[in-house]
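# just a sequence and a predicted model for now, questions to come.
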Amino acid sequence: MAAVTTGLDSTFNAAKPGGLSAAGLAWTVLALAFATLAGAWFFELAIGLKPCPLCLEQRYAYYAVILLAALVTYGAGRGSASRMVAVGFAVIVLAMLANAGLGVYHAGVEWGFWPGPTDCSGPMIDLRAGSLLERLDKVKVVRCDEVQWRFLGLSLAGYNVLISLAIAAVALQGLRTARA
């Protein structure tokens, strides 16, 4: 009697004992990236922490990785060429390492190790001009060099570095699995 399997069965079948398949690792990347963005939106929408321009830039990699990880999960689960799956994982690794670098830069700006971009951490200009002043008084500039929240000594930029490196490590394992 033949056993019936589903797509999810093949997604999590181990490529080797105790490990996930390439599709399972891509699914893990997808879940981690989605959870990270959900956490960022939670801090912004539920807690009220407004993101600075560097915070918003760090989200771009997660948006791209979610899309790419979904494609890799689909392709690997459907038996696509291992070379294409490996390329997808390689792009995810590079995107997350670049994002970790951006997070290190942002954390360094927060700690005062180096100056940040002038649009969010430069000197505040005092403009005194009628209605322009009234409009500017209503705008709250979120500065990149001021930490709004810390936990265990790390800001959200610091946690972005750790999460980005973790996702890169999972994607690297996916790359190894796809090439095997």
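Yes, it's here. Numbering: from 1, shown residues only.

# tell me where this protein has helices.
Secondary structure of the chain (DSSP state H): helices at 7-12, 22-41, 53-77, 82-111, 118-121, 130-138, 156-179.

# what count of nearby residues applies to Gln148?
Here the number of neighbours of Gln148 (other Cβ atoms under 10 Å) works out to 17. (Each C-beta comes from the backbone N, C-alpha and C, glycine too.)

# what's the spacing between the residue nearest to it when sequence neighbours are not counted and Val142?
Spatial nearest neighbour of Gln148, excluding adjacent residues (Cβ to Cβ, 6 or more residues apart in numbering): Leu49 at 4.9 Å. Distance, Leu49 to Val142, using Cβ to Cβ, to the nearest Å: 9 Å.

# tell me, what's touching these two both at once?
Common neighbours of Leu49 and Val142 are listed as Gln148 (criterion: Cβ atoms under 8 Å, 6 or more residues apart in numbering).

# pick out the shakiest of the helices of the chain, pLDDT-wise.
Looking over the helices of the chain, mean pLDDT reaches its minimum on helix 7-12, with a mean of 43.

# if we can go back for a sec, as TSV, the helices of the chain with distance to Val147 and mean neighbour count would be great.
Output for the helices of the chain, formatted as TSV (distance: least, Cβ to Cβ, whole Å; neighbours: other Cβ atoms under 10 Å):
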stretch	distance to Val147	mean neighbour count
helix 7-12	39	14
helix 22-41	15	21
helix 53-77	11	20
helix 82-111	5	20
helix 118-121	12	15
helix 130-138	24	9
helix 156-179	8	21
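
# and the ones you listed: which comes nearest Glu146?
Of all the helices of the chain, helix 82-111 sits nearest to Glu146, with 7.4 Å by Cβ to Cβ.

# who are the packing partners of that closest one?
helix 22-41, helix 53-77, strand 154-155, helix 156-179 (3 or more Cβ pairs under 8 Å, 6 or more residues apart in numbering; DSSP states H and E).

# quick check: angle from that helix to helix 53-77?
Relative orientation of helix 82-111 and helix 53-77, computed by axes from the mean of the first three to the mean of the last three Cα atoms, to 10 degrees: 160 degrees.

# follow-up on the earlier one: indicate which one of the helices and strands packed on helix 82-111 is closest to Arg83.
Of all the helices and strands packed on helix 82-111, helix 156-179 comes closest under Cβ to Cβ, at 8.1 Å.
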